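Visitor: predicted model and sequence follow; I will ask about them next.
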Amino acid sequence: MIVHINGWPGVGKRTVGEVLCKKLNARFIHNHLLHDVAIVCAGLSSADRWDLYDTVQRAAYATLARRPRAEVFVMTNALCTASSREQVAWRQVVELAMARNVPLVPIVLETTAEENIRRLQSPERLGNKMTDPSLLREFMTADTIQRPDVPELLVLDASALAPEQAAERICSHLDTIRAGLRPATPQHLRML
């Protein structure tokens, strides 16, 4: 199974994902794991960054595709609807799940805009993650987070939830849908 947590920068994907991985005994593939290699090696504003990211991502996904089906992955990202790059990124997650012949459970993590901005500015984010609230507001105004049109989708408002509570809600959702889970299909590419 792949549990994919999507949401705006600062919403708590990585923090919730870490807790969820412990509960599920899962491998954690967070978006910065792949992005940071490209940013550190090529630089944030270099044109080479995206070429390197694509190379790292292809190699990582090829390796992940060969992992045993019983191994659970928790993945995170901030994928929006308007960006063709982000549409391709979701397609690659779906293709990874299909190559492994495992279920793909999309989770959209949300908070109020005020809470998202508060979390975005937390000291833990300094130095390697977005912390600029005006940039986040710009993203939120211009775009929306991807929501796959599949019955496995969980949209979770984590505004008032601690990471442990959010992870527990995701586990409850997985327990509820477990009997009906089937391997991912191209249906996962359709968005609400």
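Guide: Arrived safely, thanks for sending.

Visitor: in space, what's closest to residue 158 - neighbours in sequence excluded?
Guide: Once flanking residues are discounted, residue 158 sits nearest to residue 166: 4.4 Å by C-beta to C-beta, 6 or more residues apart in numbering. In this view, the C-beta of every residue, glycine as well, is placed from N, C-alpha and C.

Visitor: my read: that neighbour touches residue 156, true?
Guide: Yes. Counting by C-beta atoms under 8 Å, residue 166 touches residue 156, with 6.2 Å between them.

Visitor: common neighbours of the two, please.
Guide: residue 109 (C-beta atoms under 8 Å, 6 or more residues apart in numbering).

Visitor: just give me the longest strand of this structure.
Guide: In the chain, taking DSSP state E as the definition, the longest strand is strand 104-110.

Visitor: what does that strand contact?
Guide: 1-7, 11-13, 16, 93-94, 97, 145-148, 150, 152-159, 166, 170, 173-174, 177, 181, 184, 188.

Visitor: check which helices and strands the helix or strand bottoming out on mean pLDDT in the chain sits against.
Guide: Least confident helix or strand, the chain: helix 31-42 with a mean of 87, by mean pLDDT, DSSP states H and E. With contacts taken as 3 or more C-beta pairs under 8 Å, 6 or more residues apart in numbering; DSSP states H and E, helix 31-42 sits against helix 48-65, strand 73-77.
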